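Novice: My questions concern the predicted model and sequence given below.
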Amino acid sequence: MSNLTAIFGSSAEKSQDSEKLMDLYWNRAELKKEFAGMRKEQFRLQDKVKRQEGATARLQQKLDYLEDLLIDPQQAHNVVVYFQFRGMAMQSERKLAKFAEQLKQQREQKEHDSFLGDWNDKLLEEASQVKLQILEKRDQVQQLEDQLQAERRRLTGMSAFVRFFRGRSLTRLLDDLATQIETAQQEEQTLKEDVKTIKNRQPPGSQGLDIATKRSINLMILAFAQHLYVHFANDDLVDLIKETGEKSVGAIAYGSKYECEQLLTRMQKCNEKFEQNTDFADTLQKRALLLGERAKFHQNTDAVPDSESVRALFRIGDDGLIRESDVNMLGDNYWGIGKVLSR
């Protein structure tokens, strides 16, 4: 037997060898899995590096191209004008975004204040109803205490003979009255705790703006976008400003050095006039009302109108005269309006 064991090994040794082989197999499988994950991550990082290198190369090409333009005396002044127009476009986008954000915050604050007012009114009404119940409970306690005192006096005034026959029933009545008083007092205390709970109740979080309010906000944003358009259109600059968002530097020729200088002067004066013109709130309201009369929505849940329904541009003169022209502010995404509308 010992010879067979020496030749074939014991069953315990075979079991240990089998377990070691299984461990090696699973370890090898885990290592292959980790290696595959590392290779996948390596490929991902390599692809990311290539994309970054491509973006860097494209940026360098743009810089080289811009440098060539600036070196060329015939092109340098056109580059300056181009980026000045780009700056006006970006400034207009910031103005529209700021106006939209302030308008949203104002409406949200107004809605929140109104909601809190209604909430507090409901709390006061609820607390008042509970306080009335407290007063009723106090009246009940007072009546029970008066009855208890009267029955006690009645018991005290009875003769021994009468007390012998009626004393037990009267005593039970006194005990019942005392129990009712205690119960009523406990109920009164519970009602007082209810009043405290009501007063300490916190209002729910912001409910957000409803569709009607969002639509009103969007019409005002459209009105302000038209205000920007009209201002620049009066100086024949609006198309030149928008063009910089559609064409790259060097693709637009503004003319000679003198013509470019004239454009820069017009831009400066236009910006100064805009900053000086601050009394246009009534005009915005009128323009928003006119847009609201035209606005159509695909669904009842949509806050943004169909662009075709609000493509009319309204110029409102100081005399109240209204002139209408065909400009699709929303469809052509003037001043990046699509990013600031309430959804």
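Specialist: Arrived safely, thanks for sending.
Novice: My guess is Phe115 contacts Gly208. True?
Specialist: No. Using Cβ atoms under 8 Å as the test, Phe115 is too far from Gly208 to be in contact (10.6 Å). In short, each C-beta sits where N, CA and C put it, glycine included.
Novice: neighbour count winner among those two?
Specialist: When neighbours are counted by other Cβ atoms under 10 Å, Phe115 comes out ahead of the other of Phe115 and Gly208, with 14 against 9.
Novice: so what's the more buried one up against?
Specialist: Taking Cβ atoms under 8 Å, 6 or more residues apart in numbering as the criterion, Phe115 is in contact with Pro203, Gln207.
Novice: after whatever helix or strand it lives in comes which helix or strand?
Specialist: Here Phe115 sits within helix 73-157, counting by DSSP states H and E. Per DSSP H and E, helix 73-157 leads on to helix 160-200 as the next helix or strand towards the C-terminus.
Novice: between that next one and helix 73-157, how big is the angle?
Specialist: Per axes from the mean of the first three to the mean of the last three Cα atoms, to 10 degrees, the angle that helix 160-200 makes with helix 73-157 is 180 degrees.
Novice: packing partners for helix 160-200?
Specialist: Under the contact criterion of 3 or more Cβ pairs under 8 Å, 6 or more residues apart in numbering; DSSP states H and E, helix 160-200 touches helix 73-157.
Novice: So, low pLDDT: which residues of the stretch 151-300 of the chain?
Specialist: Scanning the stretch 151-300 of the chain for pLDDT under 70 picks out 155, 159, 161-167.
Novice: one more time with 80
Specialist: 151-171, 173-174, 205-208 (pLDDT under 80).
Novice: next one: the helix holding Phe115 to chain centre, how far?
Specialist: Computed by Cα atoms, centre = their mean, to the nearest Å, the chain-centroid distance of helix 73-157 equals 17 Å.
Novice: ok, the spatially closest residue to Lys273 that is not a sequence neighbour - contacts?
Specialist: Of all residues not flanking Lys273 in the chain, His231 sits nearest, at 7.4 Å (Cβ to Cβ, 6 or more residues apart in numbering). Neighbour list for His231: Cys270, Lys273, Phe274, Asn277 [criterion: Cβ under 8 Å, 6+ apart].
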